[in-house]
Every structure is written in structure tokens, then in C-alpha cells.
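Asks: let me see the structure of the following:
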Amino acid sequence: MTVMRSLWSATAAAGPSLERLAGDLRADVAVIGAGYTGLSAALQLSAAGRDVIVLEAVDVGDRASGLNGGQVVPGVKHDPDTLEEIFGSGVGTRLVDTVASGPDVVFEIIRKHDIACAATQTGWIQPATSLVAMEAITARVAQWRRRGADVELLSARETARLTGSQRYSGGWIDRRGGTVQPLSYVRGLARAALTSGARIFARSPATGLEKAGREWRIRTPLGSVTSGTVILATDAYTDRLVDPLRRTLIPVPSFQVATEPIPEKLRQTILPEGQSASDTWHLLRYFRLDAAGRLVMGSRGTFADVPVTVAARHHYRAVREIFPQLEGLRYEYHWGGLVGMTRDHLPHLHEVAPGLIAGLGYNGRGVAMATVMGRILAQWALGAPAAELGFPVTSLAPIPLHRFNQIGARVAIQCMRALDGLARVRDRFLAAGSAP
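Replies: Numbering: from 1, shown residues only. Below you'll find the model as predicted:
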């Protein structure tokens, strides 16, 4: 029988032993959420001498930060020119620089704090599923090259060599990117924050939040934390504690499978230089190898509570399509989590109320972007003016009819799946028409 079991939990370095919060405590800054955002913020704040308490509803890494694909990808969903068009040349240019720095920030933290998380900075590939997609990629590469990024356009032959797949029409490589064992990374962040002086409490959900004079009081099942500044760092798992914030994003399921280790001779032909990849389908597939040579394949999951084999059927099909040479390899692991998607596909930085700040909405780019967002939130909490943060502060804009978000997301996923199906038919027709 196939069961849900995470590759990362089976192979991660052990996390720190954490207590539940009991009693009434005070701190300079309180952080709700011990994922990449919250722990990155706590690490920065405690290093600056602030007394920080972090509250985590479950255990560190039990949610998105320990369940994702571990791809450390520069940038956000929008290209640099588009960001500058949206925010203007001044703010937009600073934003491009900020999001481009994500992988370097991650790998700098890993080196500085000696975090054992199988980190590699060998690059990230975006293979094109069609010639039409290659046109967009060509423009994207030109934009990043103008800004000095170490990126390169790839021919179909070069893409096949670097991925091990004949499926793609070409692509590009961004050598700033890389991979980590995501659960080991977030546990390493927790250890680093503890060493710097932060206090982290697990299994201590924030059940209430209220203003008390100039301070905030966070209630938990066994106690409370009072602080002048509260950082909300819950992304896709944001709940009704601050309901207007919850309604600014839609939690979308993502699902992954991992094969048994690939035989050595064949393994040398699959992503032989160690890059990770995310393709250009509307419902993109993202894939990489882990440290033991297992292929990890991820894509959108299902909202329904269905058997694992049903949840994974698109993933099995993707592996057959991209890597037919892996036919017969067993699948050892199946797992999933939630991704925080925003209406404009951009992360957001908010001042929800005086002393109550939040960063969320990573749209599948959370390893790098959440780590950077944590630093930005820490700088803001330390007194940096909003204009100097390198990331725009935006007003809360709850999604209309948010209560129907799951229905809308399901419809959107089916529409994107249909668009991808039509694109496959078109590509086969074009290929047949060009055959001699």
C-alpha cells in the first residue's frame, strides 16, 4: 500500500528540542511562524541584540518550509522589466536587486552558521516546453543579462545534456540558483537563531492577538507573549488570527514524489551537473535529484482527500514524459503541502497595524524569497524606514469572494491543465507538419 511519507523527513538532520510556551512572557519582538521567514527574521533580530520570541503552531519544518522542493531560485514570477513597469524605475530597480539576491543570502547564511543541508549552488534551469515558450525565455535572459546576472540561453541540445531529457525545445540556466535539503535548512535556521539568543516555542499556536496599549498580546493555549512589535510569518498557513491578511492569498496544494535512488550509470545522465529545474507549463513540473540520487518530481496537488496513487498520477505521468529512461523505477516517497499564492503572483510586505507587520505570498519561490523577506522584516522592526527596505510596502487588499477561493483555485487548475493539453496537441501537430 502506498502511503504519504516525506523524503525530507526521512533524510533530514535532527532538529533542536523545543518546549511549548507556558506562562506569560515578554519580548522586544514576537514572531508568529517558525519557517524560513520567521526564523530568518529572528536570526537577524537576535544578532542585533533584540530579545525575540518565536511561536510555532506545530514543530519546526512540519509545514511549507520542510515540505517544499528545496529549489533555491532567484527572482519572482515576474521578469525584471515587468517589476520596473509595475513599481517604477526607482522602487522597481531596488526590488529587482532584492529578489535577485535571494540565493546568495541563503547560501551565505548556510556557510556562516555551518548548516548541514546538502546545499549546492550549481544553478537552476527553466526548460521550455515549446518554441513559443522559448520566445519568452529569450527575452527573460536578455533582461537579466543587462543587469549583470550569470545566466545563459540553452539550445535544445544543451538543455537535453543538462537535464537528461529530450522533451524540451531549449531553455535557460541561472547559475545563481541551487538546492538545499529544505527540512534540514529550516532546522538549521532554528539552531542558528537559538544560538544567537532567540527563544523558540513549538506546538504553541497563536490563538488570540489583541492590542494592549502600545503593545500586542499574543495568547497561546498555555500562556502569552507581550511585545511592542509582532511579525506575522505564516504565509500559506495564515489563519483567522488576522483575517484580512488571510484573505490576501490562496493556499494551493503542491505534491511531490521521489523515486528510489537511480542506478549509478543512468544517474550520471540525469541532471549530471546538479541543477534543479522548473519547466514552463501553466501547471509547471519542478524536479531535481536529492543527495542520494533520487529523482524528486513536484507539481500542483489536489484539494480533495484522495488516495496517494490518485494524487500522484500526474507526477507519474510527468516522469514518464520527461524521463522515459526511468521506466520501472519504484517510487519511495509521496508528500505534499500548501503554497501561498497571491492575486498578482508577487510576495507582499504589509503593515497590518502599527507594530504588526507581515511578509508572505511567495508563489512557489519560498526558499530564497522567504529568507530574504525575513531579513527585510527584521530591518523594519529594527527601525529602518519603509523606503529603505528594498521591497515595497503595500496595503492589504483582500481577494474578493475569498470564501470561494478553493472553488476558484480548482477551476483555475483545471483551466491551466486544459491549456497545457491544448499546447501538447498543437506541438504534436506542428511537429507532424514539419516532418519530411
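Asks: dihedrals phi and psi, the residue nearest the centre of the chain?
Replies: Centrality entry for the chain: nearest residue to the mean C-alpha point is residue 366, 2.3 Å, by Cα atoms, centre = their mean. When read as degrees, to the nearest 10, the backbone of residue 366 gives phi -70, psi -30.
Asks: show the contacting residues for it.
Replies: Contact analysis of residue 366 by Cβ atoms under 8 Å, 6 or more residues apart in numbering lists 36, 64, 65, 68, 235, 339, 340. To be clear about C-beta, it is placed using only N, CA and C from the backbone, and glycine gets the same treatment.
Asks: what about it, distance to residue 206?
Replies: 20 Å (Cβ to Cβ, to the nearest Å).
Asks: same check, this time on residue 75
Replies: Applying Cβ to Cβ, the value for residue 75 to residue 206 is 31 Å.
Asks: residue 165 belongs to a strand?
Replies: No: counting by DSSP: H, G, I helix; E, B strand; the rest coil, residue 165 is not part of a strand but coil.
Asks: residues near the spatially closest residue to it that is not a sequence neighbour, how many?
Replies: Distance criterion Cβ to Cβ, 6 or more residues apart in numbering; nearest residue to residue 165, sequence neighbours excluded, is residue 322 at 4.8 Å. Neighbour count for residue 322, taken as other Cβ atoms under 10 Å: 24.
Asks: repeat for residue 266
Replies: Residue 266, neighbours per other Cβ under 10 Å, totals 14.
Asks: can you pull the contacts of it?
Replies: Residues in contact with residue 266 (Cβ under 8 Å, 6+ apart) are 325, 326.
Asks: pLDDT score assigned to it?
Replies: Predicted confidence (pLDDT) for residue 266: 97.
Asks: with residue 415 instead?
Replies: Note on residue 415: pLDDT of 58.
Asks: go ahead and confirm residue 238 touches residue 244.
Replies: No: look at residue 238 against residue 244 with Cβ atoms under 8 Å: they stay out of range, at 10.2 Å.
Asks: for residue 29, give its distance to residue 65.
Replies: Where residue 65 is concerned, residue 29 sits at a distance of 19 Å (Cβ to Cβ).
Asks: likewise residue 134?
Replies: On the measure of Cβ to Cβ, residue 134 and residue 65 end up 33 Å apart.
Asks: related to what we said a few turns ago, among the contacts of residue 366, which ones are in helices?
Replies: Assigned to helices by DSSP state H, the following of the contacts of residue 366 qualify: 36, 64, 65.
Asks: OK, contacts around the first one?
Replies: Spelled out, it's residue 36. Here residue 36 is in contact with 65, 185, 186, 189, 366, 367, 370, 371, 374 (Cβ under 8 Å, 6+ apart).
Asks: quick one: buried ones out of these?
Replies: Buried by 16 or more other Cβ atoms under 10 Å: 65, 185, 186, 189, 366, 367, 370, 371, 374, out of the contacts of residue 36.
Asks: so where does the last one fall, helix or strand?
Replies: Translated: residue 374. helix 366-381 (DSSP states H and E).
Asks: and that helix, what's its mean pLDDT?
Replies: 98.
Asks: residue 80 is in contact with residue 96, correct?
Replies: Yes: counting by Cβ under 8 Å, residue 96 does reach residue 80; the two are 4.6 Å apart.
Asks: intersection of neighbour lists for these two?
Replies: residue 147.
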